[in-house]
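Colleague: next input, structure requested:
(one chain, ligands or ions: 1)
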Amino acid sequence: MRNYTSVHDLGDLKAAVKEALEVKKTPYDFQELGKNKTMILLFFNSSLRTRLSTQKAAQNLGMNVIVLDVNAGAWKLEGERGVIMDGDKPEHLLEAIPVIGSYCDIIGVRAFAKFEDKKEDYEEVVINQFIKYSGVPVVSMEAATAHPLQGFADIITIEEHKKVERPKVVLTWAPHPRALPQAVPNSFAQFAQAADYDFVITHPEGYELAPEFAGDAKVEYDQKKAFEGADFIYAKNWASYNDYGQILSKDRAWTVDEEKMALTNNACFMHCLPVRRNMIVSDDVIEAETSLVVPQAANRVTSAQLVIKRILENL
Ligand code: CP
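Modeller: Predicted coordinates for the structure are as follows:
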């Protein structure tokens, strides 16, 4: 593997999950791979899990890790070519990227959708600039349209907890006070279909995901109907794709609560975190024994470690 930006970079997903679970059992067995190698983790946006789990994963592999919050201490970066730089951004990404690449062997980048230009977001302009100009492999730590480290951790978690070979997995929209990117639901939809689950997406009308991510997933606009017989409920908010970046609903009738979970096959509850309690999910559901949010977050180390290991093996 050279770069990691999508489920497609993993190849055979079953084999990747198997290898990840082996790495999880003996996380320190591959330290020679990362010896004298450096990974820079670059954050244009906030993070708790991605920052800590990716750092831990790289350190488990023997790497040195440097974390840079671009908005806290670095020069403000211009991204547009052709701009007369007489404003508040003294450095251009086109210099910054190869400079950062010269200090490391792998770069992790977090750069969310800006919701200013749908085309720019869905063409993944920022992460593609890193791939083009850094000279080193690039790992998406959540880009504008995808969060593949999260999607992989989600599938590892389902594989660890599923009780039937082909579980019913439901991705449900839930309300949130702010406009959130589609990266997590996009990646989850891709991974769930690559894993060949019985996969259903439920959301209010107007929240359809981009066709390239929704694929052939069944869409059910009646949330309660979607929950019937589910083995896993994955809750997430996202802003509209069609009415790009807009909040069309904050209807708390879509909050995941005990009454809706009672319709399921004693489903496990999942969310990528951070989560707004009693907007996305009730206290009772997230605190129940069937809630997987903590093991799911813990698997972020495993997913990142498998990805970084495969990149190191290919250096
Ligand atoms: N799930 C996730 O990516 O968490 P952070 O935003 O805290 O990194």
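Colleague: now do stretch 154-165, average pLDDT.
Modeller: When pLDDT is averaged along stretch 154-165, the result is 98.
Colleague: in it, what's buried?
Modeller: Judged by neighbour count (16 or more other Cβ atoms under 10 Å), stretch 154-165 contains these buried residues: Asp154, Ile155, Ile156, Thr157, Ile158, Glu159, His161, Lys162. The way it works is simple: take the backbone N, C-alpha and C, and place the C-beta from them, glycine included.
Colleague: got it, and stretch 213-222?
Modeller: For stretch 213-222, the neighbour count (16+ other Cβ under 10 Å) marks Phe213, Ala214, Ala217, Glu220 as buried.
Colleague: could you pull up the residues touching the last one?
Modeller: With contacts taken as Cβ atoms under 8 Å, 6 or more residues apart in numbering, Glu220 has the following neighbours: Val200, Ile201, Thr202, Ala226.
Colleague: the helices in the stretch 101-250 of the chain, which residues?
Modeller: Residue ranges of the helices in the stretch 101-250 of the chain, as given by DSSP state H, counting those that start in this stretch, are 118-122, 125-133, 148-161, 183-194, 211-214, 223-227.
Colleague: by contact count, what packs against the fifth one?
Modeller: Under the contact criterion of 3 or more Cβ pairs under 8 Å, 6 or more residues apart in numbering; DSSP states H and E, the helices and strands touching helix 211-214 comprise helix 183-194.
Colleague: please pull out the lowest mean pLDDT helix or strand from the protein.
Modeller: Taking mean pLDDT, DSSP states H and E as the measure, the chain has strand 77-78 as its least confident helix or strand, at a mean of 93.
Colleague: domain ranges for the chain?
Modeller: If the domains of the chain are taken from automatic domain parsing, they occupy 7-146+299-313, 150-296, with pieces of a single domain joined by a plus sign.
Colleague: and those: which comes nearest Met1?
Modeller: Distance to Met1, taken as Cβ to Cβ, is lowest for domain 7-146+299-313 among the domains of the chain, at 4.2 Å.
Colleague: ends of that closest one, what's the gap?
Modeller: Terminal residues of domain 7-146+299-313 lie 18 Å apart, using Cα to Cα, to the nearest Å.
Colleague: re earlier: and the domains of the chain as CSV, adding distance to Met1?
Modeller: Compiled in CSV, the domains of the chain are given as follows (distance: least, Cβ to Cβ, whole Å):
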stretch, distance to Met1
domain 7-146+299-313, 4
domain 150-296, 12
